[in-house]
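Asks: Show me the folded form of this:
(2 chains)
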Amino acid sequence: MKRRTFLANSAVAGTALATGLAGRAMAASDPLKVGFIYVGVPGDGGWTYQHNLAKQAVEKHYGDKVKTSVIENVPEGADAERALTQLALAGNKLIFATSFGFMDPTINVAKKFPKVNFEMCTGYKSAPNVSNYSGRFYEGRAVCGAIAGQMTKSNKIGYIASFPIPEVIRGINAAYINAKRVNPDAEIKVVWVYTWFDPAKEADAAQALINEGVDVLMQHTDSTAAMAVAKKAGIVAFGQDSDMSAFAPTPRISALIDNWTPYYIKRVGDMMNGSWKAENVWYGLKEGMVQVGEITDAVPAKVKAHALDLEAKIKAGTYHTFEGPLNKQDGSVWLKKGEVADDGALAGLNFYVEGIQGKIPS
Amino acid sequence: MLRLEKRAAPSRFWTVVTPILAVVATMLAGGLLFALLGKPPFEAIRVIFWEPLFGANTAYTLPQLLVKAGPLILIAVGLSLGFRAGIWNIGAEGQYIIGAICGAAVALAFYPAAHWYIFPLMVIAGGLGGWAWAMIPAILKNRFGTNEILVSLMLVYVAENILSWVSFGPLRNPQGYGFPGSRNLQNYPSAHNADLIPNSGLHWGVVTAFLAVIAAYVLLNRHRLGYQIRVAGQAPRAARFAGVSPQRLVSFCLGTSGALAGLAGLFEVAGPSGQLSPDFNTGYGFTAIIVAFLGRLHPVGILLAGFLMALTYIGGEMAQLSLNLPSAAIQAFQGMLLFFLLAFDVLSNYRIRAKENAK
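Replies: Sure, this is the predicted structure:
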């Protein structure tokens, strides 16, 4: 009962606020106000850094026609709800919520501000004014995995994993499948660090993997700490989120890059010409939301050519990592020969494919 | 030349004035910091302290002050009891987490049944959870003489790992596509800690915080136990001769502060936050330490300090929005508050004298 009254009242309040804002927006050619909330700070050099690059690109592209605002370092939960509301109250018409943990708060705030549109990064809950967008990072991970499989001499690839969620498990599987396809002896060793950004923990994990004989390092965490450890140990590694080109040509031999720029520019443009609609997009290498960073000269020409070819095939849609025959870790059949995993299966992926050692923590 | 002369007893005047001085000094130093960052200092200070209280959107920001200040006050009141007696619970963050987990677990065990008694049960579970977590350092201190500062702090990290485990494991939302985090209790009416008056920000946690302030005031001023707490802090040896049992005091102070922190966690997870997730805790337990000292370990002072701290959070966000101040500058600003407070505390414990025979 309490809940119902609460909803009804907030809906009334929200509508009142929204109509007030709509009135204000009609005052001729004001710039379009676009808001962002970040889970970290642009200085992280990874996840938030890339979102901030895209924000800057939007500013550059549209000049005076947009005005952006940002709230940084927003904890996921109640604080996110307040930050989003503040952005909406401040007159922002399009708001980018750039972390998975902002999903429920975004849905709540979207209900109260039906005239404001929201872009929810990596979310899955829909509403008439909430879009979800994410990258098919596993496509880039596939290319990195193929390079890793050919670069390893010890046949041990190290993988620093953050949290056991489908996004991360998909990346491990994609890397392993493609390493295995070029090097049947390749093994993957996974360390779970339970954080997206913690340089000390990431460095420790990298060192532990190196002590186990790993000579190629991949990561699904945001900092460059593992890169520094790899450099000291004289092994190679892949950048994550951002290019991490400061570590090129070695240890950083390539990178998996999140590139939000084209999408942000397009969605802001959609707002300007009135064609914005709520939708769910999952863009990959083809659309440029996922990119493979420049492959350095530390990689033999033959390996590089193979990687570029693989990237081209993925873009063209002629190659798919999750195409059978593929078995689950327990040996049971997942995909029959020629069968390709659909997006639903990939979105909820919660198991390793056959050949990966170790268990997914639960 | 100036020199410091220790006062026989802390100055009452300066005890009250130093927090105000600290706020003023923070404004000055903060303004300087903002100016160095190329932002208009007066405008920034105005946005932080004025805008949430008297700005354009007070219908939203005033209730949010309650939401933000509630857990800070509730936790800080509990901490202040121990701090007065020289018992240092640094682990309120962990007790907050455990309280939230226990409370949410009760709710999720009943889901989706609708009963009036679910929320009261959650409150009990939340308080008990926080109490139990704080009793670990209390028992270890009483039995083995371990240092409660270290034990309570370390247990924060244990609690964080338990939080992560339950968010991925037993309490994970079965309809959450494998993503970490529990069901959202805001969508479960029997468990939802909703605003008592819609959109007022006044939920049960805020009410409990106010009650805790009153209870602590009565305890400290009218009750024997409160007297013992004060004596134990000021003169531990005298306290022992007066028949105060240090063990009992340790158990009471740690247990109470743990229970209040646990309640804060429960009200947060059932209300503003809605769900347990690996990132559920956002530092209330640590910020409350600042609030407790800023409030001079006095219940009414803590009430005011809690609101001041909440103001800097909400105003800080508004300053980020309207002036593009980086969040780190806001955090530095909040940190200065404690720094200046501790620095000015010299004045309440010492007297400044001009040195007569310098050389």
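
Asks: for the residue in the stretch 201-350 of chain A that chain B sits nearest to, what are its contacts?
Replies: Of all residues in the stretch 201-350 of chain A, the one sitting closest to chain B is A:N350 (4.7 Å; C-beta to the nearest C-beta). Bear in mind the C-beta positions are built from the backbone N, C-alpha and C, glycine included. The neighbours of A:N350, taking C-beta atoms under 8 Å, 6 or more residues apart in numbering or on different chains as the test, are A:P164, A:P166, A:I169, A:I360, B:G178.

Asks: Quick one: name the residues of the stretch 151-300 of chain A near chain B.
Replies: A:F163, A:P164, A:I165, A:P166, A:Y194 (C-beta under 8 Å from any C-beta of the partner chain).

Asks: still on that earlier bit, of the contacts of A:N350, which belong to helices?
Replies: A:P166, A:I169 (DSSP state H).

Asks: can you tell me which of the contacts of A:N350 lies nearest to A:I157?
Replies: For these, the residue nearest A:I157 by C-beta to C-beta is A:I169; the value is 15.8 Å.

Asks: any low-confidence regions in chain A?
Replies: A:1-28, A:362 (pLDDT under 70).

Asks: domain assignment for it?
Replies: A:2-135, A:137-257+A:290-347 (automatic domain parsing).

Asks: Just put those in TSV and tack on mean neighbour count.
Replies: Below are those laid out as TSV (neighbours: other C-beta atoms under 10 Å in any protein chain shown):
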stretch	mean neighbour count
domain A:2-135	20
domain A:137-257+A:290-347	20
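
Asks: Quick check: which of those is nearest to B:A44?
Replies: Proximity to B:A44, assessed across the domains of chain A by C-beta to C-beta, is greatest for domain A:2-135 (14.9 Å).

Asks: where do the helices sit along the chain?
Replies: You didn't say which chain, so I picked chain A. A:2-25, A:47-62, A:78-89, A:103-112, A:137-151, A:166-182, A:199-211, A:225-233, A:261-272, A:301-316, A:343-347.

Asks: if you could check chain B rather than the one you did, that'd help
Replies: B:12-36, B:41-49, B:51-54, B:58-84, B:92-110, B:118-144, B:148-168, B:204-222, B:224-234, B:236-241, B:246-270, B:284-294, B:299-323, B:327-349.

Asks: Could you report the separation of B:E93 from B:I162?
Replies: In this view, B:E93 and B:I162 are 13 Å apart by C-beta to C-beta, to the nearest Å.

Asks: So if I had to pick from those two, which one is more boxed in?
Replies: Legend: neighbour count by other C-beta atoms under 10 Å in any protein chain shown for B:E93 and B:I162, higher for B:E93 (26 against 16).

Asks: distance of A:F351 from A:H220?
Replies: 17 Å.

Asks: Actually, A:D270.
Replies: 31 Å.

Asks: Also A:I172?
Replies: 8 Å.

Asks: What of A:Y352?
Replies: Relative to A:H220, and taking C-beta to C-beta, A:Y352 is found at 14 Å.

Asks: same question, B:Q320
Replies: In terms of C-beta to C-beta, B:Q320 sits 29 Å off from A:H220.

Asks: Repeat that for B:I214.
Replies: Taken as C-beta to C-beta, the span from B:I214 to A:H220 is 50 Å.

Asks: Residue of the stretch 51-200 of chain A closest to chain B, please.
Replies: Counting by C-beta to the nearest C-beta, the stretch 51-200 of chain A gets nearest chain B through A:A78, at 3.5 Å.

Asks: I figured that residue hits B:S273, correct?
Replies: Yes. With contact defined as C-beta atoms under 8 Å, A:A78 reaches B:S273; the gap is 4.6 Å.

Asks: so what's the nearest residue to B:T256 once chain neighbours are set aside up against?
Replies: Closest residue to B:T256 apart from its sequence neighbours, by C-beta to C-beta, 6 or more residues apart in numbering or on different chains: B:G78 at 5.5 Å. Going by C-beta under 8 Å, 6+ apart, B:G78 touches B:N89, B:A92, B:A212, B:T256, B:S257, B:G258, B:A259, B:L260, B:A261.

Asks: Just to check, the third one is in contact with B:L72?
Replies: No. Shown here, B:A212 and B:L72 do not form a contact pair, counting by C-beta under 8 Å, at 11.6 Å.

Asks: So these two - more neighbours on which side?
Replies: In this view B:A212 and B:L72 are compared by other C-beta under 10 Å, and B:L72 has more residues nearby, 28 against 23.

Asks: Give me the distance between the more buried one and chain A.
Replies: If you measure B:L72 against chain A using C-beta to the nearest C-beta, to the nearest Å, the figure is 13 Å.

Asks: from what I can see that residue touches B:I289, true?
Replies: No. B:L72 is beyond contact range of B:I289, at 10.1 Å (criterion: C-beta under 8 Å).

Asks: Mutual contacts of the two, please.
Replies: By C-beta under 8 Å, 6+ apart, no residue touches both B:L72 and B:I289.

Asks: which residues sit in contact with residue 230?
Replies: Reading this off chain A. Contact analysis of A:A230 by C-beta under 8 Å, 6+ apart lists A:A206, A:I210, A:L217, A:V236, A:A237, A:F247, A:P251.

Asks: right idea, wrong chain: chain B
Replies: B:R84, B:A85, B:L220.

Asks: Hmm, B:P71 is touching B:F267, no?
Replies: Yes. If you go by C-beta under 8 Å, B:P71 and B:F267 touch, sitting 7.1 Å apart.

Asks: So which of these two has more stuff around it?
Replies: In this view B:P71 and B:F267 are compared by other C-beta under 10 Å, and B:P71 has more residues nearby, 32 against 29.

Asks: Give me the distance between A:F238 and A:A255.
Replies: Taking C-beta to C-beta, one finds A:F238 at 6 Å from A:A255.
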